[in-house]
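Q: give me the fold of what follows.
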Amino acid sequence: MSLKEEFVETEEEVLKYLNEEADDQLRDVFIDVEGTSDSGTWEEALWNSLALIGIMSALLAISREDSFLVTFVGVVCLIATPAAAIKEVKLTNMEALRALARKMREQVKLFAKQNKRLKSENDRLEKNVNRLKSTESALEEISKQQGQSVEMLIKQVEEFKKIQKDIKQSLEAQIIQNLISVIMAADQDGDFVMEDGEIDELILRLNSVEGVQIDEVLFKKVLKKSNHSLSAVLEIVRNLLDDKVPEEENIFKIVTNKLLPRELQT
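A: Have a look, this model is predicted:
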């Protein structure tokens with residue numbers, strides 16, 4: 001394939017991907033190639049200067065020397081020197097065309113990758129749209145079958161959440177009451193001070209309370225810090241429902257999900 005045919009083929013490929021419109025990136029390619037071509041101007045000037053010097057030297061030699069050999073060599077120089085200069089110019093132009101062809105092919109490959117990625121993204125979006133349409137149709141069908149409007153369904157969900165919240169609050173209050181009862185029962189002499197032998201027994205009883213998780217390390221730390229006083233622990237239990245108390249300071253963690261009916265669990 002000749003250089004001209006290769007260039008034409010590359011140009012057709014570019015036009016195919018650009019829909020016969022020049023892209024900013026492609027214009028950058030032409031600018032780069034023009035810069036490469038300009039860099040060869042000084043070489044052309046050098047060859048043209050040498051060719052001119054050769055011609056002038058040949059003419060001068062022919063005019064000064066009346067010799068067949070000198071005349072023959074001068075004529076050869078007159079013919080060969082311009083031919084060499086013209087060939088050098090053509091070679092420079094061919095290099096510029098090859099550079100342009102390479103740049104355009106690289107740009108075509110880049111456009112092809114971008115088009116492939118955009119097509120893939122478009123296919124993914126179409127699948128998501130179809131999935132959303134299917135979901136919307138299913139919800140509308142359910143609403144029609146039950147004879148309820150979307151507003152009624154939203155209202156029922158809100159009522160369900162309110163009932164769930166009320167039940168959780170009731171369970172939390174009951175759990176706190178159970179904790180207080182267990183702690184108070186552990187203080188057999190009523191002095192609100194736990195003896196060393198009673199602490200492990202109290203922890204076992206607290207672990208048996210449903211819906212409660214106890215941090216045993218923190219529990220023992222609080223007891224030790226308060227000289228085994230139950231008042232400090234009872235104060236923490238009373239503050240369980242206070243959102244302002246940091247969670248890491250709570251000895252007890254209430255877990256009500258397992259105590260809720262299955263249909264109310266989240």
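Q: okay, strands next: where are they in the stretch 151-266 of the chain?
A: 212-214, 252-254 (DSSP state E, counting those that start in this stretch).
Q: would a markdown table of the ones you listed with mean pLDDT and mean neighbour count be doable?
A: Every residue, glycine included, has its C-beta placed from N, CA and C. Shown next, in a markdown table, are those (pLDDT from 0 to 100; neighbours: other Cβ atoms under 10 Å):
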| stretch | mean pLDDT | mean neighbour count |
| --- | --- | --- |
| strand 212-214 | 82 | 17 |
| strand 252-254 | 78 | 17 |
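Q: which residue ranges make up the domains of the protein?
A: Domain ranges of the chain: 3-142, 154-264, per automatic domain parsing.
Q: and the ones you listed, which one's lowest on average pLDDT?
A: Note on the domains of the chain: domain 3-142 shows the lowest mean pLDDT, a mean of 64.
Q: contacting residues for the nearest residue to Ile180 once chain neighbours are set aside?
A: Leaving aside its sequence neighbours, Ile180 sits nearest to Val237 (Cβ to Cβ, 6 or more residues apart in numbering; 6.0 Å). For Val237, the contact set (Cβ atoms under 8 Å, 6 or more residues apart in numbering) comprises Ile176, Leu179, Ile180, Ile183, Phe252.
Q: now list the buried members of the residues you listed.
A: The neighbour-count test (16 or more other Cβ atoms under 10 Å) marks Ile176, Leu179, Ile183, Phe252 as buried among the contacts of Val237.
Q: between the residues you listed, which is nearest Leu110?
A: Comparing the buried ones among the contacts of Val237 against Leu110 with Cβ to Cβ places Phe252 closest, at 62.6 Å.
Q: I figured that closest one hits Leu179, correct?
A: Yes - between Phe252 and Leu179 there is a contact under Cβ atoms under 8 Å: 6.4 Å.
Q: need the residues touching each of the two.
A: Common contact partners of Phe252 and Leu179 (Cβ under 8 Å, 6+ apart): Leu206, Val212, Val237.
Q: now the nearest residue to the first one once chain neighbours are set aside: how far from Lys224?
A: With Cβ to Cβ, 6+ apart as the measure, Ile214 is the residue that lies nearest to Leu206, at 5.2 Å, once sequence neighbours are left out. Look at Ile214 and Lys224: by Cβ to Cβ, to the nearest Å, they are 16 Å apart.
Q: about what we covered before: and which of the shared contacts of Phe252 and Leu179 is nearest Leu118?
A: Closest approach to Leu118 among the shared contacts of Phe252 and Leu179 (Cβ to Cβ): Val212, at 56.2 Å.
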